[in-house]
Structures are given as structure tokens and as C-alpha cells.
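>>> Fold the following for me, if possible:
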Amino acid sequence: MTSDDAQPDMPDVASEAPSDQILAPLSLPADAGPAAAAWPLGRLRDPGTPLTRSAAWIATIVLVALTVLMQAGVVGLGTAEGKEDDAVEKAKGPLAPNPVFTLQARFLVAASGALSRKAGADDADDVDESGSNAALAAIAPLRSAAQGSPEDTLHLAIVEGEIVGPSAALDTLDEVVAQDTAAPAWLHDDAASLRTIYGAGGADALTDAQRKGLLERHGWFGRLALTFGKAPNDPARARALGAARRASVALATLTALATGGVIAGLVLLVLVGVGYSHGRLRSAYSRPAPGGSVFLETFALFLVAFLALSSIAGVVEATTGVAVTPILMWLILPVAFWPMARGVSWDAWRHAAGWHRGRGVLREIGAGVIGYVAGLPVLALGIGLTLALIQLWSLLAPAGEAGGGAGPVHPIVGEAQGATAAQIASIYLLGVVWAPIVEETFFRGCLFHHLRGKLSPVLASLVVGFIFAVIHPQGILAVPAIASLGFVFSMIREWRGSIIANATAHALNNAVLLTTVVVALR
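Sure, this is the predicted structure:
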């Protein structure tokens, strides 16, 4: 038994104080600080022994590793049988479209001047040499992203027809089938249809079946191709170009908000540093005494429930086509009350998990907004590291593996493409309600609380942020970006004590990103 476990100089306040003293409202001195307001009884030691703590850590590490493998498709829903199903689906048509590629394509089409000119002339007649070179440079990142994916190369040809000219589109179409020696019949058929569009025939030369195939299999890209050569005020053409303009405005707005937020965040960080140095700003979180395991056990049980319910939801949705994830995921929340089954009082649980009013609900919500803005420079640093990793991967990855995938993006982003109103409501329910409540309860509530018994706020926040990042489905390249976000949420919990503030920051972050995605991809 370690010295922390023995704790000879740290009495168990919960066991020595009468129960009515613990549960009854306590009157605090007028000069009591925010930490005392959150939990006036001092550093309590959570239930648990060194044995249960070791078992909980082993279980957590194993379950985190299993979650990572499951998200990567190595085990569980990503078995060989699942890959075989993907091959069958690909024979019928393209798999789920790449949302990042789609966003890039729409932005480029909107920015290229295609919104204001009538397309259709050959690039040699329509674009001078300097303009053609500029167009080719603009399309280069999209070409890199399409490598290894015949479907995205097909879409690249459509975008090149708009930005560079029909000759470039025809050249790229020649590459499509060459990328996949076992290309399905629909890919050959759609490539042939596009050759007709960008060749002498034009879209009017296609049959109804060919037009329907492009629309059903390629969505916005199909609409863009079928209206190639039409005037911008043509209704179908205006719809296709309007989607590109909407995506461009959404991304530009997000960029402007992020830039302004980072600048404001830097100012707030300076003010935070000055406030702490002069003692005007103090942490409201009261850390537990070292030892115990019950909140680490709770986090391990959360991972068990998450894996089990994700697998069940995947099976149900695969067999019935009914999306049950938004419902089943709420069944995880009761796991948070496990400490109470282990003898933790209601008040002690609320303190540890962070579900108390803090200094007032509205004040905590406002603090969450301020804390999020102050954390934007940290998030920007994480995003910068992720972008550097993506660039490094594109340089080092074997040929054909650097592109052709959705990249470090959450699957929920892909679901926003062409989503119905009900599907969009479900996406918001998961991202803006479920995630801030459930994820904050277990990560910044239970896990952070356990780690703070022995670790400093920064180190505990880094550990929580890393675990938070690796179990997300965006992949290893996104770890710096997501970990920085988890770090910020943890530091907000340290600052406020109440979890309302970091749940607010989480909801704000997800709401802004989801709204941008929904507007840009619809």
C-alpha cells in the first residue's frame, strides 16, 4: 500500500461527519471562495482500493484500445464480412461520398468564376495560358485528395470541367477506370456519360437512364455535370451553382468566426494569466484526496456500455435500416450513477461529476462561452498539428493510399449530405445534446475527477484530452485537434467546478461545426 493509499494525515471526512451534516444545506462564511462553495467539506477520498483501482485501469486501457480498433474497422463492425458487404454495395454504386472532398469541390467551383460565366467552351478558347495555369494550381489539392479513389477521380473530372475546361475533364476521365482494374459496370457507364457531356454531344445527348444514373449515384456532382454548358440562370444550373455558393459562404463565415475567435481568445488568455497571477481568478474545482477508484470504474463501465450499444445499433441498422443510435446511446447515461451504488452520497456524486449549479446556471453557461473562446488558440494549435500530420501522411503514404478517403472527419459529417429534416434533427440531438451531456459527464466528470486526485490540472487535462481523442472515429491524424478540444473542456471544468460550463462549450463547438456542415453540404 502506498502512502497515498494509507493517508494517515487525511481523515475520511465522509465517514467522520454525520450524514445530516453532509446532506443538509451548509452555511458558508462570507469570505468563502468558489471552491468552498462547490464542496465545503474539503478533499474527500473516493471509495475504492488499490486492487479495484488497478483493475479499473487495466480495463480502461483494454477498452480504449478495443474502441480504437473498432472505430478503425479492425474488429467488430469492420470485420472481413463487413468489407465484403462494402464490395457488394460498391458494385451497385459509389459508397458514402467523401464529405471533405465535396466541400473542397464546392468551394473551388464557387471561387473559380463558374458562377458568373457560361461554361461549355473548350479551355483553349475560353481561358488564356495564365488563367489555365491558375486553374490547374487551384485544382491540385483536390486532385491529390482524389488519388486512390476512382469515384472521387470521376468527381474531379466534373470539377475540372467547370474550372479548367472540358479537355481537362476528358483527360481525367481516361484515368478513372485505370485506377481500379476491377471497376464496377456503373463506373464505366458513368465515365462514358461524362465523356459525352464534355465531348461533342453535351448533356442533351444522354438518355434518360444515363441522366438518372448520374443523379442517383453522384448527387450534386451529377447535377453539376448535367447542367454543364447551360446559362447560370437556368433553374437546374442555378440550383447546382447555388449549392456551391452556399458552401463557400458557410466556410468563409466559419473561417472569419474562427479568426476573430482566436484573436479574442489570445486576449482572454492574457487576462486569465494576469488574473491568476494577482489572485483575482481562482479555481472553483475542489480536487479529491488521492486514492479510490469508483469514478475510474465508472469510466470503464461507460466504455463497456459504449462498445456494446454501438455494436447493437450497428447490427439493428444493418438488418432493418432503422437508425437507432440516437436512442440507444442515451442508455449509457445511467452508468454515471455507479458511484452511488458503491456508497457515494448524492451530494458527493454531484460534486465529483460536476452536476451542480456552481455559481448559478446562467453564470456557468456564460463562463462556458468565455472559456471556449479563450481556448480557441489552443484548438487552433491542435488543428495546425493535425493539418501538418495530414500533409506528412500524404507525402509518406504508399501510392494510392494517401487519398480516396474521408480523412480525419466524423462519420456524422457524411450523414449531413442530402439529409432529411428528421435526419438533421437526429444529428443535432447527438452532437449538440447527447455529446455535451454524456461525454462531459464521463470524461470531464468521472475520469478527470479521478486523475485530479494525484495529477496537476494541466497533466490531468492532457491525459483526458488524449483518451477523448483516440476513441473518436476521425482516426489518428485528428488526435491533436480533438485532444486540444478535450484539454480545453477539462481546463474549463477545473476553472468552474460545475460541468455546466464545459458542457456549454462542447455544445457551442458542435453546434457551430454542424451548422456549417449542414449548410455547406445540403
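>>> quick one: pLDDT of the residue nearest to the spatial centre of the chain?
Nearest to the mean C-alpha position of the chain, by Cα atoms, centre = their mean, lies H410 at 4.6 Å. pLDDT for H410: 73.
>>> Apart from its neighbours in sequence, what residue is nearest it?
Nearest-residue entry for H410: Q474, 5.7 Å, with adjacent residues in sequence omitted and distances by Cβ to Cβ, 6 or more residues apart in numbering. (Glycine included, C-beta is placed from N, CA and C.)
>>> I'd like to know how many residues surround the one you found.
For Q474, the neighbour count with other Cβ atoms under 10 Å is 20.
>>> Over to A520?
Neighbours of A520 under the rule other Cβ under 10 Å: 25.
>>> Please tell me how far it sits from G358.
36 Å (Cβ to Cβ, to the nearest Å).
>>> One more: A192?
Taking Cβ to Cβ, one finds A192 at 64 Å from G358.
>>> Then P288?
P288 is 18 Å from G358, by Cβ to Cβ.
>>> And R282, by the same measure?
13 Å.
>>> pLDDT weak spots in the protein?
Along the chain, the model assigns pLDDT under 70 to residues 1-43, 73-97, 113-136, 148, 177-183, 397-408.
>>> quick one: what helix or strand has G213 in it?
Using DSSP states H and E, G213 maps to helix 208-226.
>>> Show me which residues of that helix are buried.
Under the neighbour-count criterion of 16 or more other Cβ atoms under 10 Å, helix 208-226 has 210-211, 213-214, 217-226 buried.
>>> What is the most widely separated pair among those residues?
When Cβ to Cβ is used, the two most widely separated members of the buried residues of helix 208-226 are Q210 and W220, lying 17.5 Å apart.
>>> neighbour-wise, which of R282 and G358 wins?
G358 (22 against 12).
>>> Look at that one and give its secondary structure.
Reduced to three states with DSSP: H, G, I helix; E, B strand; the rest coil, the structure at G358 is coil.
>>> Do I have it right that it meets E364?
Yes - using Cβ atoms under 8 Å, G358 makes contact with E364 at a distance of 4.5 Å.
>>> Overlap in contacts, those two.
R496, S498, I500, A501 (Cβ atoms under 8 Å, 6 or more residues apart in numbering).
>>> Specify which member of these is nearest to A313.
Of these, the one sitting nearest to A313 (Cβ to Cβ) turns out to be I500, at 28.3 Å.
>>> Walking through the stretch 201-350 of the chain, point out its strands one by one.
Here the stretch 201-350 of the chain has no strands by DSSP state E, counting those that start in this stretch.
>>> and S248, what does it touch?
Each residue near S248 by Cβ under 8 Å, 6+ apart is listed here: R106, F107, A110, A111.
>>> of those, buried ones?
For those, buried by 16+ other Cβ under 10 Å: R106, F107, A110.
>>> Go through the residues you listed and flag which are in helices.
R106, F107, A110 (DSSP state H).
>>> any idea how far the nearest residue to the second one once chain neighbours are set aside lies from Q104?
Going back to what we said before, that points to F107. Excluding the flanking residues, the one nearest F107 by Cβ to Cβ, 6+ apart is S248, at 5.2 Å. Between S248 and Q104 the computed distance is 11 Å (Cβ to Cβ).
>>> same check, this time on I467
For I467 relative to Q104 (Cβ to Cβ), the value is 31 Å.
>>> Now do the top helix by length along the chain against helix 208-226, angle only.
What stands out as the longest helix in the chain, according to DSSP H, is helix 235-277. Helix 235-277 runs at 50 degrees relative to helix 208-226, counting by axes from the mean of the first three to the mean of the last three Cα atoms, to 10 degrees.
>>> quick revisit: could you work out the most separated pair of the shared contacts of G358 and E364?
Checking the shared contacts of G358 and E364 with Cβ to Cβ, the most distant pair is R496 and I500, at 7.5 Å.
>>> Touching both of these two, which residues are there?
G358, E364, G368.
>>> Let me have those in TSV, extended by distance to F487.
Shown next, in TSV, are these (distance: Cβ to Cβ, whole Å):
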residue	distance to F487
G358	21
E364	20
G368	15
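>>> and which of those is nearest A65?
Using Cβ to Cβ, G368 comes nearest to A65 of the shared contacts of R496 and I500, at 31.6 Å.
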